[in-house]
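Student: Using only what follows, build the 3D model:
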Amino acid sequence: MKTTLRILTAALLGLTLSTGWCQTPYTNLFPGINAPIPDGALTGWSDTRLVTIPEVGVVSNLAVTLTLAGGFNGDLYAALTHDSGYAVLLNRVGRTAANGAGYSDSGFTVTFGPGAPNDIHLYQGITGPVSPLTGLWAADGRAVHPLAVLDTDPRTALLDSLVGLNPNGNWTLFLADVDGGGAQATLVGWGLIIMVPEPTTAGLAVLGLSFLLLRRSKR
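Tutor: Presented below is the predicted three-dimensional model:
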């Protein structure tokens, strides 16, 4: 009987985890940084922030806000790292075989997020020249050296590489201006909107029942 109850308890717990959860967003904004990005330096500059979320769980979805002022957009590389996850947000937007310099626009006030249909690498095909670029975009995702990247490279480093990780700990934004020319970009600020699953009312009821059964099985 105890074995049967343990199997039932495990099944109820599995059902709760897989079907009985909703998601809560946790917003972490880091404004007013106003840090210049070294011009023409592959070594770049990074900003690390400690995130602490009260919920127990993993990242179920993620959005990133980024505000950069000035500079030459086609020179810029930006990547986000956390734990084992790595996402390329920008990799010399507009750089193609026909345009080795990339877009000459200046500045970004953008959000990278789930459901964004358009690849930021080729944004001028949608917006035309614009300074600064605004709106919701899909991350560049091209995990290729910025001196060699092209629009045709595969997009293997998207935000979903961070899904499933523990949201707590250090998150690092790395930025580089890889082609000098005197147009210096400044990181104004950035932020994270992290989705973490939590139990729904129905999920909590099932979870409570499973613990009750487990307690009785030990008597």
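
Student: And the helices in this structure?
Tutor: Under the criterion DSSP state H, the chain contains helices at 2-19, 124-127, 201-217.

Student: Near Gly74, how many other residues are there?
Tutor: 19 (other C-beta atoms under 10 Å). Yep, even glycine has a C-beta here, placed from its N, CA and C like the rest.

Student: how much space between it and Ala183?
Tutor: 10 Å (C-beta to C-beta, to the nearest Å).

Student: Among the helices of the chain, show the one with the smallest mean pLDDT.
Tutor: Per-stretch mean pLDDT for those is lowest at helix 2-19 (a mean of 32).

Student: which strands and helices sit next to the top strand by length along the chain?
Tutor: Ranked by residue count under DSSP state E, the longest strand found in the chain is strand 185-199. Secondary-structure packing of strand 185-199 (3 or more C-beta pairs under 8 Å, 6 or more residues apart in numbering; DSSP states H and E): strand 21-30, strand 35-36, strand 41-51, strand 61-70, strand 169-177.

Student: What helices and strands are in contact with the last one?
Tutor: Packed against strand 169-177 by the contact rule (3+ C-beta pairs under 8 Å, 6+ apart) you find strand 41-51, strand 76-82, strand 185-199.

Student: Arg155 is nearest to which of those?
Tutor: Closest of the helices and strands packed on strand 169-177 to Arg155 is strand 76-82, at 13.2 Å (criterion: C-beta to C-beta).

Student: List the buried residues for the closest one?
Tutor: Buried positions in strand 76-82, judged by neighbour count with 16 or more other C-beta atoms under 10 Å: Leu76, Tyr77, Ala78, Ala79, Leu80, Thr81, His82.

Student: related to what we said a few turns ago, now do the buried residues in the longest strand of the chain.
Tutor: Quick answer for strand 185-199 (16+ other C-beta under 10 Å): 185-197, 199.

Student: pLDDT and distance to Val88 added to those, as a markdown table?
Tutor: Below are the buried residues of strand 185-199 laid out as a markdown table (pLDDT from 0 to 100; distance: C-beta to C-beta, whole Å):
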| residue | pLDDT | distance to Val88 |
| --- | --- | --- |
| Ala185 | 97 | 17 |
| Thr186 | 98 | 20 |
| Leu187 | 98 | 16 |
| Val188 | 98 | 20 |
| Gly189 | 98 | 20 |
| Trp190 | 98 | 15 |
| Gly191 | 98 | 18 |
| Leu192 | 97 | 16 |
| Ile193 | 95 | 19 |
| Ile194 | 95 | 19 |
| Met195 | 92 | 21 |
| Val196 | 91 | 24 |
| Pro197 | 86 | 26 |
| Pro199 | 56 | 34 |
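
Student: show me where pLDDT drops low in the chain?
Tutor: Applying pLDDT under 70 to the chain picks out residues 1-21, 199-219.
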